[in-house]
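A.B. asks: Please find the sequence and the predicted model below.
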Amino acid sequence: MSKKIVLASNNKKKMKAMIKQMQSVIALVIIFVVASTICIKDGRNNFLDIRNLMNVLRAVSENGIIAIGMTIILILGDIDLSVGSVVGLISTGCAYLMVKSGLGFVPAILVSLGIGALFGLFNGLCITKLRLQAFIVTLASMNIARGLARFWANGIGIPLAYGKGEGMAPPAFEVLQMRLWGIIPVPAIIFIVLLIVFQIILSKTRFGRQVYAIGGNKNAAYLSGIKVDRIKIYAFMICAMLSSVAAIIHAAQISKGGPNEGQGYALNAVAACAIGAPSLAGGKGTAFGTLIGALILGMLDNVLGLKGVNSNLQLMVKGFLIIIAVFMQADKVND
């Protein structure tokens, strides 16, 4: 009799643990079902319309690409608050390079990614060599990037008109606005490819194992021979470059680069990561988990928009979601 009780107790614990591990997926399914139910108007399901679902995927792509980089930083036990400002800086820079400097599609993108990498290098060096907290460094660099963008563009946005000749952006840049087969947005394809690549990097490569080791116990990682500072610098460079990719996509989507773009993106990225279950204390998390978090946020934004909910309330919802997600993580640790 006692064996049966112990077995039942173990099964109950396993079931509880499995539900907690799958809570973000369960939340995604619930939101999808609710959205499919409440977004019906005049006999038409506005949420399940294929064009609307693809719009959700397109909107998720920018935030998701940034959140992949943020995931790596959070696994390390750090945070990068400058990602939104990097979007503003690189969207401005990319537009300027094409419209004002006359660079072609590929050179403009390569230079923009290079600038993003240098900015990530700056963050990483300040954190590792000056022994400063990532929170403080990236809070400061957030303002530095925004200020640089405003200097670069004289405080105004740079519109993108496509064509050949002076003051025109290369027509090839419009490819980032296209949809494959008229349905799937190109940014979504880029997002999925990057997601798969970085999931493999985190789970199958030496760099990924070192990232998890540092996030789990930095001192133990150092004593085991891992170059902690080097890995951190690489991580911040990757994060900034991924934010730069999102910035380039953003500029193409709205046909403009500007210093005020990317506001609120850091909150979105942290929210996606927190909901997707990377531990904010470091050492845990996956790129696929971040995908779930980004999809949850994207669907919530879409549903609230379809229902005509005020955008300010949407910000409040995201804030509460972060608190709930962090609370659930703490509950996991306590268990």
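C.D. replies: Perfect, I can see it now.

A.B. asks: Name the helix or strand for the residue nearest to the spatial centre of the chain, please.
C.D. replies: Nearest to the geometric centre of the chain sits Ala67, at 1.8 Å (CA atoms, centre = their mean). According to DSSP states H and E, Ala67 maps onto helix 50-75.

A.B. asks: which strands and helices sit next to that helix?
C.D. replies: helix 83-99, strand 184-185, helix 186-204, helix 206-216, helix 228-254, helix 265-275, helix 287-306 (3 or more CB pairs under 8 Å, 6 or more residues apart in numbering; DSSP states H and E). Yep, even glycine has a C-beta here, placed from its N, CA and C like the rest.

A.B. asks: Mean neighbour count for the ones you listed - can I get that in JSON lines?
C.D. replies: Listed next are the helices and strands packed on helix 50-75 as JSON lines, based on neighbours: other CB atoms under 10 Å:
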{"stretch": "helix 83-99", "mean neighbour count": "28"}
{"stretch": "strand 184-185", "mean neighbour count": "18"}
{"stretch": "helix 186-204", "mean neighbour count": "17"}
{"stretch": "helix 206-216", "mean neighbour count": "19"}
{"stretch": "helix 228-254", "mean neighbour count": "24"}
{"stretch": "helix 265-275", "mean neighbour count": "27"}
{"stretch": "helix 287-306", "mean neighbour count": "22"}
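
A.B. asks: Including mean pLDDT, could these go into TSV?
C.D. replies: Conversion of the helices and strands packed on helix 50-75 to TSV gives the following (pLDDT from 0 to 100):
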stretch	mean pLDDT
helix 83-99	94
strand 184-185	90
helix 186-204	94
helix 206-216	94
helix 228-254	96
helix 265-275	87
helix 287-306	88
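
A.B. asks: Tell me which of the ones you listed sits nearest to Ile40.
C.D. replies: With CB to CB, the closest approach to Ile40 among these belongs to helix 287-306: 10.2 Å.

A.B. asks: Against which helices or strands is the closest one packed?
C.D. replies: Using 3+ CB pairs under 8 Å, 6+ apart: helix 287-306 touches helix 23-38, helix 50-75, helix 186-204, helix 265-275, helix 311-334.

A.B. asks: now Asn52: how far from Ala35?
C.D. replies: 10 Å (CB to CB, to the nearest Å).

A.B. asks: Looking at these two, which one has more neighbours?
C.D. replies: When neighbours are counted by other CB atoms under 10 Å, Asn52 and Ala35 differ, and Ala35 comes out ahead with 22 against 17.

A.B. asks: Looks like that one contacts Gly305 (just checking).
C.D. replies: No: the criterion here is CB atoms under 8 Å, and Ala35 misses it with Gly305 at 11.1 Å.

A.B. asks: ok, and the closest non-adjacent residue to Phe47?
C.D. replies: Cys39 (3.7 Å; CB to CB, 6 or more residues apart in numbering).
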